[in-house]
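# pasting a predicted model and its sequence here:
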Amino acid sequence: MVHVMDRSMLRHAAWIARSLGRGDLFPFTDADISELAATIGVSRLPAGTRLLGAGKLVEAVSIVEDGEIEVYHRAGVRKVVLQVLREGDLLGDLPFFCHMESPYSARALTDVTLIRLDGDQLERLLSTRPVLCRRFLYSLASRIERMTRRLLGVTQGDLRRQVSMLLLDETEERGPVLSLPQSTIAELLGATRPSVNRVLKQLEAEALVRLSYRRIEVLDRPGLAVEMRP
């Protein structure tokens, strides 16, 4: 008979099987899920919690089960937001796998639920469970591709085009609603909040988006995509 805690961990492991990487390409077996359930830990942390510190070694990798995490770097007094992690994304994988100090910091933008895999356990799982290894690899590669695409977009066109690209990218797989404050969007683009606000107001006036507190709903993807044309 499975204990209550084991059942809880099995639910979290089953969630990983559905949400991490490409489950359609690399499905987990029952044995994969059972072994995951025996090794993971779960943390629920309030908004504002610092999760990684720049210059520190990373001893575990976490999977975001719920909530949003801001990954950022400080250049003097200026904070540069590199990425916002959401459900199914990995935290700390790049510095962990490279055996390096973290080049960035991270904090919880909202209350978050993290599934944690400690270093020794993760190394063992990745060496004995090839499907899990591929899922981790796919997740890492897809986030790097997403960040590269955004950085390339920042170098092309005016701010309106950059905002349009960010909205399209961030809502492509997660639905039409982006739950981020405009200040974070500005930091992601290296722009000022007032200038981003002006662009968003223009897009709203043209019925391309709808704005509310910490929330942007994309109403017309084809119309917004027109902004991406040369």
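Perfect, I can see it now. No experiment lies behind these values; they were computed from the predicted model shown. Numbers count the residues shown, from 1 in each chain.

# and stretch 84-95, C-alpha only, in PDB?
Only the C-alpha atoms of stretch 84-95 are listed here, as PDB (Å, rounded to 0.1, in the frame of the first residue of the first chain):
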ATOM      1  CA  VAL A  84      10.600  34.800 -16.900                       C
ATOM      2  CA  LEU A  85      10.200  31.100 -16.000                       C
ATOM      3  CA  ARG A  86       6.800  29.500 -15.800                       C
ATOM      4  CA  GLU A  87       5.100  26.100 -15.400                       C
ATOM      5  CA  GLY A  88       7.300  23.300 -16.800                       C
ATOM      6  CA  ASP A  89      10.500  25.400 -16.900                       C
ATOM      7  CA  LEU A  90      13.800  24.400 -15.200                       C
ATOM      8  CA  LEU A  91      15.600  26.600 -12.700                       C
ATOM      9  CA  GLY A  92      19.300  26.300 -12.100                       C
ATOM     10  CA  ASP A  93      20.000  23.700 -14.800                       C
ATOM     11  CA  LEU A  94      22.500  25.600 -16.800                       C
ATOM     12  CA  PRO A  95      25.000  26.400 -14.000                       C
END
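
# run through who's touching it.
19-21, 51-52, 57-58, 60-71, 101-103, 106, 109, 114, 136, 139-140, 143, 170, 174, 180, 184, 188 (Cβ atoms under 8 Å, 6 or more residues apart in numbering). Just so you know, the C-beta spots here come from the backbone N, C-alpha and C atoms, and that holds for glycine as well.

# next one: Leu140 from Ile63, what distance?
12 Å (Cβ to Cβ, to the nearest Å).

# show me which of those two is the more surrounded one.
Ile63 (25 against 17; other Cβ atoms under 10 Å).

# tell me the pLDDT of the more buried one.
Listed pLDDT for Ile63 reads 93.

# the spatially most central residue of the chain bridge partners, please.
Among the residues of the chain, the one closest to the centroid is Leu85, at 1.9 Å (Cα atoms, centre = their mean). In this entry, Leu85 is beta-bridged to Ile69, by DSSP bridges.

# what sits closest to Asp220 if chain neighbours are left out?
Spatial nearest neighbour of Asp220, excluding adjacent residues (Cβ to Cβ, 6 or more residues apart in numbering): Leu208 at 4.9 Å.

# the one you found reaches Ile216, doesn't it?
No. Contact criterion Cβ atoms under 8 Å: Leu208 and Ile216 do not qualify, at 10.3 Å.

# next, Lys79: phi, psi?
Main-chain dihedrals, Lys79, degrees, to the nearest 10: phi -100, psi 130.

# what sits against it?
Lys79 neighbours (Cβ under 8 Å, 6+ apart): 72-73, 187.

# in terms of secondary structure, what does the top helix by length along the chain contact?
Identified as the longest helix of the chain according to DSSP state H is helix 130-154. If contacts are counted by 3 or more Cβ pairs under 8 Å, 6 or more residues apart in numbering; DSSP states H and E, helix 130-154 sits against helix 30-39, strand 78-85, strand 90-91, helix 93-97, helix 119-128, helix 159-171.
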